[in-house]
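Engineer: Here's my sequence, what's the structure:
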Amino acid sequence: MKNILSILLLSLVVLSNGCIRQTPPGLTIIDGVLSVGVEVGYPPMEYYDTDGVTLLGFDIELAKALAQNLGLKVNFIDTAWEGILAGLESDRYDIAVNITIIPERQKRFNFTKPYIDSSITIVALKDSSINIEKPEDIAGYRVAYQGDTTAQYFTERIKENVSSVVPGSAFTAFSYDKIIYCFDELKFGRIDLVVVDNIAAFEYTGKENSPFEVIWQGVPDEYIAICLKKGNDALSTALNNALDELYLDGTLLKIYQQIFGHGLSEAMLELY
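Structural biologist: Modelled structure (predicted):
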């Protein structure tokens, strides 16, 4: 997408419920389409159905609902995770979803209010004898994570802490492009542990006959939000307002229950 000047959207859009809604003005939207950068392949947040074409997941349903609320169509752009934020900066799409809020990113990008909270977990094979009582216990094991994620930042901090206390005791870390590769490597015994957020962890460990189990989980201390190009304040505000409306009319809860089987956490309820 080339650089787009902010344009005034004056057209009225008829929503599926028959109501007429005016699209908020001042948004950097082209042809009434909200373009969404997403790394497809991170269930239950975003992934392909068995047909290899249909997109499913929490972020997919949320983006559709937000676009409808704003009177827009939606277009998903499958993007490699390591380039998803660069895509925002180059105007390849309007928003990126499933982005954890961290200070370094907040300096470079706009964020909406969070829509999910999460925590870091450590996953092993069910028949493993590995016992993890604290994160530092991963010292000496082969640890995998998806690159450029909070799991990597968490693992690197632990590695640094362990090395400073007991020199030479650091573990071996492996970075992969997609989370599914981490679990494939764990399944075949090529690594010992996967560090990942609890949302993806419980997707993989909760399946029937899953060979994986969560052996350590931190407290919820991370928040996931929609990320936008720095300075795109009009769209940021419109999305925040839409998130509030989806919460009030029950749509957000419906999506939570559809994907996760439960409602918003106490931490999230305090933000709405």
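Engineer: Low-confidence regions, this protein specifically.
Structural biologist: 1-28, 163-170 (pLDDT under 70).
Engineer: Okay, helices next: where are they in it?
Structural biologist: Using DSSP state H, the helices of the chain run over residues 58-69, 84-89, 103-108, 150-165, 179-187, 198-205, 233-248, 251-260, 266-269.
Engineer: From the rest of the structure, what touches the first one?
Structural biologist: Helix 58-69 is contacted by residues 15-16, 21, 34, 36, 38, 44-46, 73-74, 76, 95, 97-98, 115-116, 239, 242-243, 245-246, 251-252, 255-256, 258-260 when judged by C-beta atoms under 8 Å, 6 or more residues apart in numbering. Heads up, the C-betas are built off the backbone N, CA and C, glycines and all.
Engineer: My guess is residue 256 contacts residue 265. True?
Structural biologist: No. Proximity of residue 256 to residue 265 does not meet the contact threshold set by C-beta atoms under 8 Å, at 9.4 Å.
Engineer: which of those two has more neighbours?
Structural biologist: residue 256 (20 against 14; other C-beta atoms under 10 Å).
Engineer: For that one, which non-adjacent residue is spatially closest?
Structural biologist: residue 263 (5.5 Å; C-beta to C-beta, 6 or more residues apart in numbering).
Engineer: Any idea how many residues pack against the one you found?
Structural biologist: Neighbour tally, residue 263, other C-beta under 10 Å: 12.
Engineer: any idea what sits nearest residue 150, other than its immediate chain neighbours?
Structural biologist: Leaving aside its sequence neighbours, residue 150 sits nearest to residue 100 (C-beta to C-beta, 6+ apart; 4.8 Å).
Engineer: Which residues does the one you found form beta bridges with?
Structural biologist: residue 224 (DSSP bridges).
Engineer: How about the contacts made by residue 42?
Structural biologist: Going by C-beta under 8 Å, 6+ apart, residue 42 touches 57, 98, 178-179, 200.
Engineer: what about stretch 118-138, how long is it end to end?
Structural biologist: 20 Å (C-alpha to C-alpha, to the nearest Å).
Engineer: Figure out how far it is from the centre of its chain.
Structural biologist: Relative to the centre of its chain, stretch 118-138 is centred 22 Å away, using C-alpha atoms, centre = their mean, to the nearest Å.
Engineer: And for stretch 187-200?
Structural biologist: Distance, centroid of stretch 187-200 to centroid of chain: 17 Å (C-alpha atoms, centre = their mean).
Engineer: What residues of it count as buried?
Structural biologist: In terms of neighbour count (16 or more other C-beta atoms under 10 Å), stretch 187-200 has its buried residues at 191-200.
Engineer: cool, and stretch 238-245?
Structural biologist: 238-239, 242-243.
Engineer: which residues are contacting that stretch?
Structural biologist: For stretch 238-245, the external contacting residues (C-beta under 8 Å, 6+ apart) are 24, 27, 66, 69-70, 95, 112-113, 115, 226, 228, 252, 272.
Engineer: Among these, list the two that are farthest apart in space.
Structural biologist: Farthest-apart pair in these is 27 and 272; separation 22.4 Å (C-beta to C-beta).
Engineer: Now render the contacts of residue 42 as a markdown table, adding distance to residue 211.
Structural biologist: Shown next, in a markdown table, are the contacts of residue 42 (distance: C-beta to C-beta, whole Å):
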| residue | distance to residue 211 |
| --- | --- |
| 57 | 23 |
| 98 | 25 |
| 178 | 18 |
| 179 | 16 |
| 200 | 16 |
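Engineer: Quick check: the farthest pair among the residues you listed?
Structural biologist: 57 and 178 (14.2 Å).
Engineer: Could you check which of those two has the larger neighbour count?
Structural biologist: Set residue 57 next to residue 178 and count neighbours by other C-beta under 10 Å: residue 57 wins out with 22 against 16.
Engineer: quick one: contacts for that one?
Structural biologist: 42-47, 259.
Engineer: From residue 186, how far out is it?
Structural biologist: Residue 57 sits 22 Å away from residue 186, going by C-beta to C-beta, to the nearest Å.
Engineer: picking that back up, ok, the residue nearest to residue 150 touching residue 151?
Structural biologist: No. Counting by C-beta under 8 Å, residue 100 does not reach residue 151; the two are 9.6 Å apart.
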